[in-house]
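Novice: A structural model of the following input is requested.
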Amino acid sequence: MSYCRDRMRGTTTVEFAIVASALFLILFACIEFGRAMFVLAGLNEGVRRAARLAVVCPIDDPAVTAAVDFLNAPNFTTANVNLSYLDDTGAPITGTPSVSNVGFVQVAIQNYSFPLAIPFVDVSIASPPFTVTLPAESLGLSNTGVSTPC
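Specialist: Residues are numbered from 1 along each chain as shown. You can find the predicted model right below:
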């Protein structure tokens with residue numbers, strides 16, 4: 001009788017190991033998806049902040065692209081940020097934009113992928129392309145016409 005009980009005890013341990021690993025996998029997945037949504041919401045807010053900064057900073061100021069990633073998202077670089085200057089009709093300006101022909105400023109995030117840290121699973125979530133377009137304001141010029149850096 002004790003021989004059978006000892007075999008059942010080992011079976012219970014194996015069953016617990018299988019169920020616990022599945023449970024921990026689901027737990028880590030929930031935590032990681034929550035973290036992914038936090039980072040994506042932060043990037044969405046970062047695009048809004050960068051667009052707001054771009055309309056008051058000089059054209060092509062590096063502070064604009066740096067403002068997007070205020071949460072330090074993993075694998076995010078300024079190469080994922082697209083800063084565009086648009087004319088009054090909303091068409092992209094070809095060549096070098098000047099204060100006189102910029103009507104709108106557009107900041108977008110493109111081609112960003114967020115890596116998830118789930119045990120035994122190698123998955124990343126592709127970010128949607130966040131885009132914010134705002135009408136141009138001072139573009140770094142003061143009342144006296146002097147360019148002021150951000």
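Novice: Quick check: Phe38 vs Glu45, distance?
Specialist: Going from Phe38 to Glu45 by Cβ to Cβ, to the nearest Å gives 11 Å. Any C-beta I mention is one placed from the backbone N, CA and C, and that applies to glycine too.
Novice: any common contacting residues for the two?
Specialist: Shared contacts of Phe38 and Glu45 (Cβ atoms under 8 Å, 6 or more residues apart in numbering): none.
Novice: Do I have it right that Leu134 meets Phe104?
Specialist: Yes. Assessed by Cβ atoms under 8 Å, Leu134 is found in contact with Phe104 at 6.7 Å.
Novice: These two: which is more packed in?
Specialist: Phe104 (20 against 16; other Cβ atoms under 10 Å).
Novice: Against Tyr85, how distant is that one?
Specialist: 8 Å.
Novice: Could you report the pLDDT at Ser84?
Specialist: As predicted, Ser84 sits at a pLDDT of 95.
Novice: Who are the contact partners of the spatially most central residue of the chain?
Specialist: Centroid check for the chain by Cα atoms, centre = their mean gives Leu43 as the closest residue, at 3.5 Å. Leu43 makes contact with Val68, Asp69, Leu71, Ala73, Phe76, Ile109, Tyr112, Ser127, Phe130 under the criterion Cβ under 8 Å, 6+ apart.
Novice: picking that back up, mutual contacts of Phe104 and Tyr85, please.
Specialist: Ala136.
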